[in-house]
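A.B. asks: Just the structure for this:
(one chain, ligands or ions: 3)
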Amino acid sequence: MRGAVLTGLNEPLEIVDDLEVIEPRAGEVKVKMHTTGLCHSDLSVINGTIMQPMPCVLGHEGAGVIEAVGDGVTDVSPGDHVVLSFVSQCGNCYFCKRHEPYLCEKGTQAMATAALYDGTPAFSRGGKPVTQMSGCGTFAEYTVVPAGGVVKIDDSISLEAAALVGCGVTTGVGAVLNTAEVKPGSTVAVIGTGGVGLNVIQGAVVAGAEKIIAVDLLDNKLEMAKQFGATDVVNAGSGNPVAEVQSLTEGRGADYTFEVIGMAATMTQAYQMARRGGTAVMVGVPKMGELFSVMGFFPVYENKAIKGCWYGSADTRRDFPEYLDLYKEGKLKLDELITREFTLDEINDGFEALKNGEVARGVVRYD
Ligand code: APR
Ligand code: ZN
Ligand code: ZN
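C.D. replies: Ligands and ions are numbered 1, 2, ... in the order given. Below you'll find the predicted structure:
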């Protein structure tokens with residue numbers, strides 16, 4: 001079958017047609033991919049910001065149709081439409097039992113090793129293993145994942161729109177609704193309004209935030225931010241974005257701030273932009289080893305919280321259908337997030353477009 005494989009850091013993805021995938025074993029499912037989103041985290045694996053063992057089939061934001069299921073799988077059957085979850089839920093570990101499935105021990109291990117629960121990946125080429133990013137590997141025509149790594153959705157929903165729920169929507173909207181629990185009437189500032197940041201903005205609209213300040217370096221992204229509900233925009237390239245946010249909030253700072261890039265400097269800015277008693281939420285994934293600084297006095301004196309947000313603190317089984325309901329009700333814009341569609345052969349062009357800030361989300365369709 002065909003797929004896109006990362007063979008070395010900063011190399012273009014290699015489009016191959018000799019990729020093999022195992023048949024699902026007990027507790028696993030095989031998915032025929034329909035659409036996959038191109039997320040900055042994929043780019044972060046390509047450039048070494050996020051580490052995954054190579055060669056690796058990237059892709060962790062996708063939707064498709066169940067092709068086959070292994071022994072003991074009862075939640076889904078062939079023909080079901082599903083969205084992949086990049087942290088699968090085992091249902092039995094410490095975290096799953098405490099209703100924090102975004103931290104699932106097995107899902108986390110699969111994510112870190114880019115493999116299935118037994119440590120071996122679903123893919124191979126010429127008899128040699130090829131890993132699957134985050135235990136998913138959506139840049140292939142078929143993949144095999146743990147049954148807890150897919151969520152069944154309504155057949156009537158477009159699989160293109162549903163694919164984005166696999167990462168960007170869930171991370172961004174979940175950061176607002178689950179991690180921060182933004183209250184109606186609040187002021188929110190979002191630094192980085194790309195594929196994930198736009199979802200923080202629309203999550204803030206759903207939460208009933210009154211003022212939503214978008215901060216980005218690119219005017220085209222700030223225009224998109226307005227379309228997704230930003231009430232004010234700040235171009236971080238022209239002036240001091242922290243001072244700008246303060247002046248838009250009577251000098252106080254925002255009730256909630258979100259860093260959605262993954263850079264130390266903007267993490268510090270997100271902290272500084274939050275008001276006394278406010279909350280700064282870190283959503284973007286920085287390079288391992290990077291430190292961000294906050295003077296020790298301030299979290300205490302300002303009674304200010306710094307919250308980390310992994311995968312929108314999601315329970316994918318609860319949240320994927322909820323976000324798709326909001327989409328059906330017109331309260332979440334998913335079609336509008338897709339700026340361009342690419343074929344698998346054009347996937348490297350898709351990443352160039354992401355790098356150049358041309359797209360909210362680019363997607364690859366397999367049909
Ligand atoms: N100040 C403000 N905005 C910035 C800055 C900066 N210094 N640097 C980059 N940006 C903006 C870019 O212009 C872009 O609009 O941040 C945005 C990042 O968006 P995308 O590239 O679309 O990335 P996205 O897919 O949204 O992912 C963002 O979340 O899931 C994680 O790993 C992912 O860390 C990444 C982050
Ligand atoms: Zn992602
Ligand atoms: Zn678990």
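A.B. asks: host element of the closest residue to Pro12 other than its chain neighbours?
C.D. replies: Spatial nearest neighbour of Pro12, excluding adjacent residues (Cβ to Cβ, 6 or more residues apart in numbering): Asn348 at 4.5 Å. (Glycine included, C-beta is placed from N, CA and C.) Using DSSP states H and E, Asn348 maps to helix 347-355.
A.B. asks: where exactly do the helices run in this protein?
C.D. replies: 40-46, 94-97, 105-113, 159-164, 170-174, 197-207, 219-227, 241-247, 264-273, 297-301, 316-328, 347-355 (DSSP state H).
A.B. asks: List the neighbours of the first one that are in contact with it.
C.D. replies: Surrounding helix 40-46, the residues in contact under the criterion Cβ atoms under 8 Å, 6 or more residues apart in numbering are 6, 9-11, 13, 50-52, 56, 58-60, 133, 139, 167, 194-196, 262, 285, 287, 351, 354-355.
A.B. asks: Show me how to select, in ChimeraX, the buried members of those.
C.D. replies: The following ChimeraX line selects those of these that are buried, judged by 16 or more other Cβ atoms under 10 Å:
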select :6,13,50,52,56,58,59,60,133,139,167,194,195,196,262,285,351,354
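A.B. asks: coming back round to it: wouldn't the residue nearest to Pro12 be in contact with Glu14 here?
C.D. replies: No. Using Cβ atoms under 8 Å, Asn348 makes no contact with Glu14, being 9.5 Å away.
A.B. asks: Of the contacts of helix 40-46, which belong to strands?
C.D. replies: Secondary structure from DSSP state E places 6, 56 of the contacts of helix 40-46 in strands.
A.B. asks: Name the residue of the stretch 251-367 of the chain with the shortest distance to ligand 1.
C.D. replies: The minimum distance from the stretch 251-367 of the chain to ligand 1, using Cβ to the nearest ligand atom, falls at Gly262 (3.0 Å).
A.B. asks: residues in the stretch 201-350 of the chain within reach of ligand 1, list them.
C.D. replies: 215-218, 221, 236, 260-262, 266, 283-285 (Cβ under 6 Å from any ligand atom).
A.B. asks: and if we set it to 5 Å?
C.D. replies: Residues of the stretch 201-350 of the chain lying near ligand 1 by Cβ under 5 Å from any ligand atom: 216-218, 221, 236, 261-262, 284-285.
A.B. asks: and of those residues, the nearest to Asn303?
C.D. replies: Ranked by distance to Asn303 (Cβ to Cβ), those are led by Gly284 at 24.4 Å.
A.B. asks: Pretty sure the closest one sits against Ala264.
C.D. replies: No. Using Cβ under 8 Å, Gly284 makes no contact with Ala264, being 10.3 Å away.
A.B. asks: Between those two, which is the more surrounded one?
C.D. replies: Shown here are Gly284 and Ala264; by other Cβ atoms under 10 Å, Gly284 has more neighbours (23 against 14).
A.B. asks: Next, work out how far apart the more buried one and Gly277 are.
C.D. replies: 24 Å (Cβ to Cβ, to the nearest Å).
A.B. asks: sorry, back to before: look up phi and psi at the residue of the stretch 251-367 of the chain closest to ligand 1.
C.D. replies: When read as degrees, to the nearest 10, the backbone of Gly262 gives phi 100, psi 40.
A.B. asks: Now it: closest residue in space, sequence neighbours ignored.
C.D. replies: Closest to Gly262 by Cβ to Cβ, 6+ apart is Gly284, at 3.1 Å.
A.B. asks: how about Thr249, what does it touch?
C.D. replies: Counted by Cβ under 8 Å, 6+ apart, Thr249 has contacts 187, 211, 213, 275.
A.B. asks: tell me the contacts of Met133?
C.D. replies: Met133 makes contact with 42, 45, 52, 56-60, 114, 139, according to Cβ under 8 Å, 6+ apart.
A.B. asks: So what's the residue count around the closest residue to Val359 other than its chain neighbours?
C.D. replies: Distance criterion Cβ to Cβ, 6+ apart; nearest residue to Val359, sequence neighbours excluded, is Thr339 at 3.9 Å. Neighbourhood size, Thr339 [other Cβ under 10 Å]: 16.
A.B. asks: hang on, Thr339 packs against Val363?
C.D. replies: No. Assessed by Cβ under 8 Å, Thr339 is found out of contact with Val363, at 9.1 Å.
A.B. asks: looking at the helices of the chain, which is buried most?
C.D. replies: Greatest average neighbour count among the helices of the chain goes to helix 170-174 (a mean of 30), per mean count of other Cβ atoms under 10 Å.
A.B. asks: CA atoms only: put that helix into CSV for me.
C.D. replies: Only the C-alpha atoms of helix 170-174 are listed here, as CSV (Å, rounded to 0.1, in the frame of the first residue of the first chain):
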residue,chain,number,x,y,z
THR,A,170,-9.8,18.6,20.4
THR,A,171,-6.6,20.2,21.5
GLY,A,172,-7.8,23.8,21.0
VAL,A,173,-11.4,23.6,22.1
GLY,A,174,-10.5,21.2,25.0
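A.B. asks: In this structure Gly237 contacts Leu217, no?
C.D. replies: Yes. Applying Cβ under 8 Å, one finds Gly237 in contact with Leu217, separated by 4.8 Å.
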